[in-house]
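Participant: Mind looking at a prediction? Sequence and model below.
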Amino acid sequence: MTTRSPSLEHSPALIARQAIVNSEKSVIGYELFNRSRAPAQHTAASDVLLVFTALSHAGAEDLVGDKLLFVNCTHESLAGGHLELLDPSKIVLEIQDLGHSASAEAHLRLPMLQTLKQRGFRLSFGHSVLESVYASWLPLADFIKLDLTVLPRQQWGVLTQYAQKNSTAHIIATKMETAEQFDLLLHMGVKLFQGFWFARPAVFEAKILAPRQASLVELIGLLRRQASTDDLEDVLKKDAGLAFNLLRLINSASFGIQREITSFRQAVLLMGLKKLFRWAALLLAATKYADTPPSLGQTAVVRGRLMELLAEEFLTEEETDMAFVTGIFSLLDVMLSIPIPNALQLIHAPELVNQALLQHTGPLADLLTLAKACENNDDSAFDEVAEKLGLTNQQINWAHLRALAWSDSVDG
């Protein structure tokens, strides 16, 4: 049964996200920010209120598990009562600098920031907090963001060393665009990163599939060909860990199975090959491999779940299942390090999935465009496809937050 979104009536804004990852490229949190189709109808403060309202309706602790949510704030919004509704341990408040008025206002804003810190919120600042005018703010910093598009490269190491020496804050390198930047900053001692690069990494040099990947690809292919249960079990017998992880995933509370499934043969009887295809596809994305960044699988899982939740609004049950699989397989080329046409052929992908990923046509192509737009700054694509699909801000926001929560419960 579809879970309807809570009312977020008074905001025209839309939530977008960007992952924050650690040095192992595992997601530790998300920055949530506003993407609005009607900028003249809202203020910066109302944008923040939208995010807080959405989080408080859902319960941030339920939405993010052990992930942090970084929320852009105006100084005006920090005084609002909506903060009282949130669990501060899950929220990082991103504090704006004061621009030209910093020398006059920094000390006036300090009591509010101290109060928020005492209440348990973590505070994040831009690199301007390292300037002398913000000296009173620096001890409050839990995170400091270095904007790589603004700072000259020769300043990266200097600012990192200064921040490490004069604060206890974690440094986050933001607007990462290349692997070379990642390696350089890692060498400088930076351990947290953010940027569009993590959502669209380049395909790695072709390599042999990891054993677990090979087993999953073989299993998915057999499921698509509707092979016999004996043939399916033969694959699992060769990889006991795969069988265990698949059954653990199927029995996870987040998937709503009413009775415990104790064997793969039982899973086939109770669920059917089509549903098992879905879980095997999910496991392919969720499983951690030595050469594949964990953030990549996390992105694929969020895409799949977001597309599925939105598809429930207007597509058939079968198309909704295929929406989920399309999102999962949208990064299959990077996960397997082979071109996407070859990857889809290898697993005998359904026609609806092929249409969306290869021809960019069919009922799922626009949903995929929307899911990708939630990860990047292509506002025009986002606006166009949201309007074309006839989805409201409320529907998109609620599905997006639920997809983030659901993906955090998946651990391959």
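Facilitator: Yep, that arrived. Residues are numbered from 1 along each chain as shown.

Participant: any idea of the mean pLDDT for the longest helix belonging to the chain?
Facilitator: Ranked by residue count, the top helix of the chain under DSSP state H comes out as helix 264-286. Computed over helix 264-286, the mean pLDDT rounds to 84.

Participant: List the contacts of that helix.
Facilitator: When contacts are defined by C-beta atoms under 8 Å, 6 or more residues apart in numbering, helix 264-286 is touched by residues 213, 216-217, 219-220, 223-224, 226, 229, 232-233, 236, 242-243, 245-247, 249-250, 255, 259, 261, 297, 300-301, 304, 321, 324-325, 328-329, 331-332, 335, 410-412. Quick note: C-beta positions are derived from backbone N, CA and C, even for glycine.

Participant: ditto for stretch 18-27
Facilitator: Contacts of stretch 18-27 (C-beta under 8 Å, 6+ apart): 28-31, 33, 67-68, 70, 172, 186, 191-196, 198-199, 293-296, 298-299, 375.

Participant: For the residue at the greatest distance from the centre of the chain, pull up the helix or strand it's in.
Facilitator: Relative to the C-alpha centroid of the chain, counting by C-alpha atoms, centre = their mean, residue 104 is the outermost residue, at 38.4 Å. Using DSSP states H and E, the element containing residue 104 is helix 102-118.

Participant: Can you spell out which helices and strands pack onto that helix?
Facilitator: The helices and strands touching helix 102-118, judged by 3 or more C-beta pairs under 8 Å, 6 or more residues apart in numbering; DSSP states H and E, are strand 122-126.

Participant: Who are the packing partners of the strand it packs on?
Facilitator: Applying 3+ C-beta pairs under 8 Å, 6+ apart, one finds that strand 122-126 contacts strand 91-95, helix 102-118, strand 143-147.

Participant: Run the angle between that strand and helix 102-118 for me.
Facilitator: 150 degrees (axes from the mean of the first three to the mean of the last three C-alpha atoms, to 10 degrees).

Participant: residues of strand 122-126 that come out buried?
Facilitator: Neighbour counts over strand 122-126 (16 or more other C-beta atoms under 10 Å) mark 122, 123, 124, 125, 126 as buried.

Participant: Save those residues as TSV, and put in pLDDT and distance to residue 269 too.
Facilitator: Shown next, in TSV, are the buried residues of strand 122-126 (pLDDT from 0 to 100; distance: C-beta to C-beta, whole Å):
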residue	pLDDT	distance to residue 269
122	96	48
123	97	53
124	97	51
125	97	56
126	96	57
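
Participant: need the residues you listed in CSV with distance to residue 74, can you?
Facilitator: Below are those laid out as CSV (distance: C-beta to C-beta, whole Å):
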residue, distance to residue 74
122, 18
123, 14
124, 14
125, 14
126, 14
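
Participant: from those, which is closest to residue 311?
Facilitator: Closest approach between these and residue 311, by C-beta to C-beta: residue 124, at 34.4 Å.

Participant: Which residues are in contact with the closest one?
Facilitator: Counting by C-beta under 8 Å, 6+ apart, residue 124 makes contact with 70, 92, 93, 94, 95, 141, 142, 143, 144, 145, 172.

Participant: Closest one of those residues to residue 355?
Facilitator: Of all these, residue 355 sits closest to residue 70, with 36.0 Å by C-beta to C-beta.

Participant: what packs against the host helix or strand of that closest one?
Facilitator: Assessed by DSSP H and E, residue 70 sits inside strand 68-73. For strand 68-73, the helices and strands in contact under the criterion 3+ C-beta pairs under 8 Å, 6+ apart are strand 27-36, helix 44-58, strand 91-95.

Participant: For ChimeraX, what selects the buried ones among the contacts of helix 264-286?
Facilitator: Of those, the buried ones go into a single ChimeraX selection, burial set by 16+ other C-beta under 10 Å:
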select :213,216,217,219,220,223,224,232,236,242,243,245,246,247,249,250,261,297,300,301,304,321,324,325,328,329,331,332,335,410,412
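
Participant: Using PDB, write out every CA atom in the longest helix of the chain.
Facilitator: C-alpha atoms of helix 264-286 as PDB (Å, rounded to 0.1, in the frame of the first residue of the first chain):
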ATOM      1  CA  PHE A 264      16.000 -20.100  -1.600                       C
ATOM      2  CA  ARG A 265      13.600 -22.800  -2.900                       C
ATOM      3  CA  GLN A 266      11.000 -21.400  -0.400                       C
ATOM      4  CA  ALA A 267      11.700 -17.900  -1.700                       C
ATOM      5  CA  VAL A 268      11.100 -19.000  -5.300                       C
ATOM      6  CA  LEU A 269       7.800 -20.600  -4.300                       C
ATOM      7  CA  LEU A 270       6.500 -17.700  -2.200                       C
ATOM      8  CA  MET A 271       7.800 -14.800  -4.200                       C
ATOM      9  CA  GLY A 272       8.300 -15.900  -7.800                       C
ATOM     10  CA  LEU A 273      11.200 -15.300 -10.100                       C
ATOM     11  CA  LYS A 274      10.200 -11.700 -10.900                       C
ATOM     12  CA  LYS A 275      10.400 -10.500  -7.300                       C
ATOM     13  CA  LEU A 276      13.600 -12.500  -6.700                       C
ATOM     14  CA  PHE A 277      15.100 -10.700  -9.800                       C
ATOM     15  CA  ARG A 278      14.400  -7.400  -7.900                       C
ATOM     16  CA  TRP A 279      16.200  -8.500  -4.700                       C
ATOM     17  CA  ALA A 280      19.100  -9.900  -6.700                       C
ATOM     18  CA  ALA A 281      19.500  -6.600  -8.600                       C
ATOM     19  CA  LEU A 282      19.400  -4.700  -5.300                       C
ATOM     20  CA  LEU A 283      22.000  -7.000  -3.800                       C
ATOM     21  CA  LEU A 284      24.300  -6.400  -6.800                       C
ATOM     22  CA  ALA A 285      24.200  -2.600  -6.000                       C
ATOM     23  CA  ALA A 286      24.300  -2.900  -2.200                       C
END
